[in-house]
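Student: need a structure here:
(2 chains)
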Amino acid sequence: MTLRNGRLGRALSLATAITASALIPAQANAGGGTLTVAMTAGDIPVTAGTPDQGFEGLRFVGFSIYDALVRWDLSHSDKPSDIVPGLATSWDIDPVNHKRWIFHLRDGVKWHDGCPFSADDVIWNFGRMNDQKSPQFYTQQYAFNRGYMTNFDSIEKIDDHTVAINTKFVESLFPYTMSYVVMVSKCRAETLKYDWQAFASTPSGTGPYRVDRFVPHERLELVPNKDYWDKNRIPKQDRMVLLPMPEASTRVAALLSGQVNFVEAPPPDAIPRLKGAGMQIVMNTYPHNWPYILNFVHGPFTDERVRKAANYALNRDDFVDLLGGTAIPDYATMPPTTPYYGHPKLYKYDAERAAALLKEAGCLPCNITLAMSTSGSGQMQPLPMNELLKSQLEAVGFKVDFKVMDWNSLIEIGRSGVVKYENIDGYNGSRALLDPVSALIKPVAKAYWSPAGSNWGHFYSDDTEQTAQAILTEFDPDKRLALLTKLHEEESAHAVMIWVVHDLNPRALSPKVHGFVQSQNWFQDMTPITVDP
Amino acid sequence: MLTLVGRRILYAIPIAIGVSIVCFSLVYLAPGDPLQLLLPPDAPADAVAMIKHAYGFDRPIPVQYVLWLWRVLHGDFGVSIATRRPVLLEVSGSLYNTCMLTLFAVPIAFVIGYSFGAIAGCFPGKWIDRVVTGTAVMGVSLPNYWVGIVLVIAFSVEIIALPATGMGRGGSAGFNPLVWADAQYMILPVITLAMVPIGILARSTRAAVAEVQGLDFVTTLRAKGLSESAVIRHVLKNAMAPVLAVMGLQFGYLMGGSILIETVFTWPGSGFLLSKSIINRDIPVLQGAILVLAMIFVATNLCVDLLQAMIDPRIRRA
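Tutor: Alright, predicted model coming up:
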């Protein structure tokens, strides 16, 4: 395989073209049809609030049945999505107390059970997730929301349509966190006497879909909520059926045989076959990357030259070829369409430079131990990709020892951090880069050193630390954007990861499916879709 | 015979206790943390401690075992970490779905496997023996998940004759194997599931029949002038004991569900449940499912032992 110039641009153009091909206007047909989705999840995501099964759970279940105070604008495919008003029409920071956020709630919203939505519901929901003494406290939801409650301190009602959320520390990006916290109906929970298993079977939210039928582990059938507060997002299809189908070849067969009409993550080698059968293949850039997260306490990657050498050693175009064009090369943390991408240092393939850097660092052969999983959420094709990675690293002087394990074992390494796993020089964990805190700040800020946070390898440098702090205390959006861009560039300068590829998140759709817009996001809006009979 | 039944049941008790210890402790040997299903990677220490306490994972493992065993003996297998549904409900539902497949796969596998094996055993070295043995080797050697995928490609994708996946248009709720609309979903998984037992049984039966054919009493029977069909009846009866043991093992395997086949066909059976529980480290479900399946295995073996004793007086006397 050889390096081909302009590959990134061509891949992006291809992705845009393919995406554009899916932007077929929703046909006006008498019925919207039944959209049957084959998810990659092994089970129906939890329906009693914040779901499990990662962001796929939120994508198909969480944001279908429920709303959060803040939601993601998923209506465009040609630009990165950002947060917009959800159950809150607006929010602002208290001018005299930067740890107090005021959320103005939407009037006239009704739960699926008919009860009106108000500030009391929001207060009650935060109690459900945080207050162990409240009758509505639910351990599972406490756990599922921990990552979003790091900075939550307390909540108070100002009036029926206004609440104030107090945070533990000043965080200008706090509203992004609120986009993941979905609200469930207090009315329904009280009627069911807080029987959360019963609630999971008959959930009630304010979202664009209501649950019509639920067969645990097998299928979840949703129908449009005709009273949805956002009239533009009342689902156009008659019914959406969600099926867990973890086996990729099964999803492909189900699509080809007509059992489903919307398939998540078809394997790259099946795409030509699917195209040949007339299926639509859609993909788009989105905030995901497939990097190696490094150890900054022990081993060769404590030396910045070794980190740079590893980045120069990789010919990312080969990875794109391996993945059949379902990815783009990753030279920095964020994909190039990100508003705060800036001008990061790009470590384009240069084997000679990589070898020279290793020699300069006195690390030849440079023995490294890397942990990788055989599969997992967002892990793409870890076995062939890591074989390629090993061959390219070893070609410049690294000696790679892989510790291969299942996904949960790798998560255990990621959770425990570098203190417990000091002999691991890096681990291969795909990352969701949806909000700037998760994408940029957590991997480098000292406050997030593992095991308390996701700075796994205990990275620290004065410049990134100062910039991260400045971002959290900057409330002017333009100035904050400039700081985020600076941090992104600083992370590249320090080579804080080994960047490999950004996934393009391929999906396969039956030719009968119309109106799907694949946003540059982990979440997608299913409401505009119609399906021909 | 009653003494034998009592003795066998007594033998089964320590086996059951051993199985319970193994299935409880094995899941703790695997790396990974059951809490990772619930908590994000950067969950603070107090949240981890709170969840550990809420789910009882903060106690020493022997204490957890005793408490678990006590609850199990009272019919309480706990609740799933993932779904918060009772484990017994999860296991019984999935076991019922696996039974649907097994109840059809077992007679197919046993009848075909035994018949082919008996025919081959009666004509050792002949062309029919070679055909059956070759086919049986193929049945055992082909990975069944691969066979499943090939069948799906052939019958669901190329000639859209049978559904590729799932358990009917409405799922397992209301599934009726006697109605064609539902039954068609079973055909490919049942065929795939029966492939390996057919091969194993054919080979075992063939070996047992061929061995008995060479025994002195068969020569004596023929010398006494018995018709060939009468001789074959004696041969088959004498070859039955080892074949029964193999059938029992295969029945146990089939009841345990095939993780691979149920995943390929997205069949919500016990194998699929086990697979999900392993991936999610849903320890209560994993422990409950393994225990129930192991008990089925123990009970199956007990039945086979007793059947063998009924057929073969030498076993009763042993």
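Student: endpoint to endpoint, stretch A:127-141 covers what distance?
Tutor: 11 Å (C-alpha to C-alpha, to the nearest Å).
Student: only the buried residues of that stretch, if you could.
Tutor: Neighbour-count burial for stretch A:127-141, counted by 16 or more other C-beta atoms under 10 Å in any protein chain shown, picks out A:127, A:128, A:129, A:130, A:131, A:136, A:138, A:139, A:140, A:141. In short, each C-beta sits where N, CA and C put it, glycine included.
Student: average pLDDT across stretch A:88-105?
Tutor: For stretch A:88-105, mean pLDDT rounds to 97.
Student: how far away from the center of its chain is it?
Tutor: Centroid separation for stretch A:88-105 versus its chain: 26 Å, with C-alpha atoms, centre = their mean, to the nearest Å.
Student: list the contacts of the closest residue to chain A within the stretch 101-250 of chain B.
Tutor: Closest to chain A within the stretch 101-250 of chain B is residue B:171: 3.7 Å, counting by C-beta to the nearest C-beta. Shown in contact with residue B:171 (C-beta atoms under 8 Å, 6 or more residues apart in numbering or on different chains): A:215, A:218, A:219, B:268.
Student: among the residues you listed, which pair sits farthest apart?
Tutor: A:219 and B:268 (9.6 Å; C-beta to C-beta).
Student: sorry, back to before: okay, the contacts of residue B:171 in CSV with distance to residue A:57 next?
Tutor: CSV is the format used below for the contacts of residue B:171 (distance: C-beta to C-beta, whole Å):
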residue, distance to residue A:57
A:215, 17
A:218, 16
A:219, 15
B:268, 18
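Student: closest one to residue A:91 out of those residues, please.
Tutor: Comparing those against residue A:91 with C-beta to C-beta places residue A:219 closest, at 36.8 Å.
Student: what number of residues lie near that closest one?
Tutor: 23 (other C-beta atoms under 10 Å in any protein chain shown).
Student: next: residue B:233.
Tutor: 13.
Student: need the pLDDT of it.
Tutor: pLDDT, residue B:233: 90.
Student: how about the helices in the stretch 101-250 of chain B?
Tutor: B:127-141, B:144-152, B:180-213, B:216-223, B:228-255 (DSSP state H, counting those that start in this stretch).
Student: now do the stretch 301-450 of chain A
Tutor: Using DSSP H, counting those that start in this stretch, helices in the stretch 301-450 of chain A cover A:304-313, A:316-322, A:351-361, A:382-395, A:407-416, A:436.
Student: same list, these, but as CSV with mean neighbour count and mean pLDDT please.
Tutor: Formatted as CSV, the helices of the stretch 301-450 of chain A follow (neighbours: other C-beta atoms under 10 Å in any protein chain shown; pLDDT from 0 to 100):
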stretch, mean neighbour count, mean pLDDT
helix A:304-313, 24, 98
helix A:316-322, 21, 96
helix A:351-361, 18, 97
helix A:382-395, 18, 96
helix A:407-416, 21, 82
helix A:436, 25, 94
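Student: confidence-wise, which helix or strand of the chain is lowest on average?
Tutor: Let's take chain A. For chain A, the helix or strand with the lowest mean confidence is helix A:7-22, at a mean of 42 (criterion: mean pLDDT, DSSP states H and E).
Student: wait, chain B was what I had in mind.
Tutor: Per-SSE averages on chain B (mean pLDDT, DSSP H and E): minimum helix B:313-317, a mean of 70.
Student: flag every buried residue along the helix or strand containing residue B:16.
Tutor: Element membership for residue B:16, per DSSP states H and E: helix B:2-29. For helix B:2-29, burial by neighbour count (16+ other C-beta under 10 Å) applies to B:4, B:12, B:19, B:20, B:23, B:24, B:27.
Student: quick one, which of the helices of the stretch 301-450 of chain A is nearest to chain B?
Tutor: Closest approach to chain B among those (C-beta to the nearest C-beta): helix A:407-416, 3.7 Å.
Student: so which elements touch the closest one?
Tutor: Counting contacts by 3 or more C-beta pairs under 8 Å, 6 or more residues apart in numbering or on different chains; DSSP states H and E, helix A:407-416 packs against strand A:366-373, strand A:426-428, helix B:270-280.
Student: and the angle for that helix with strand A:366-373?
Tutor: With axes from the mean of the first three to the mean of the last three C-alpha atoms, to 10 degrees defining the directions, helix A:407-416 sits at 120 degrees from strand A:366-373.
Student: now helix A:407-416, how far from the centre of its chain.
Tutor: 18 Å.
Student: that helix vs helix B:270-280, what angle?
Tutor: Here helix A:407-416 points in a direction 20 degrees away from that of helix B:270-280 (the same axes, to 10 degrees).
Student: alpha carbons only: can I get helix A:407-416 in PDB?
Tutor: Presented in PDB, the C-alpha positions along helix A:407-416 are these (Å, rounded to 0.1, in the frame of the first residue of the first chain):
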ATOM      1  CA  TRP A 407     -13.700  -5.400  25.800                       C
ATOM      2  CA  ASN A 408     -14.700  -5.500  29.400                       C
ATOM      3  CA  SER A 409     -11.200  -6.400  30.500                       C
ATOM      4  CA  LEU A 410      -9.900  -3.400  28.500                       C
ATOM      5  CA  ILE A 411     -12.500  -1.100  30.200                       C
ATOM      6  CA  GLU A 412     -11.200  -2.300  33.500                       C
ATOM      7  CA  ILE A 413      -7.700  -1.200  32.500                       C
ATOM      8  CA  GLY A 414      -9.200   2.100  31.300                       C
ATOM      9  CA  ARG A 415     -11.100   2.600  34.500                       C
ATOM     10  CA  SER A 416      -8.300   1.700  36.900                       C
END
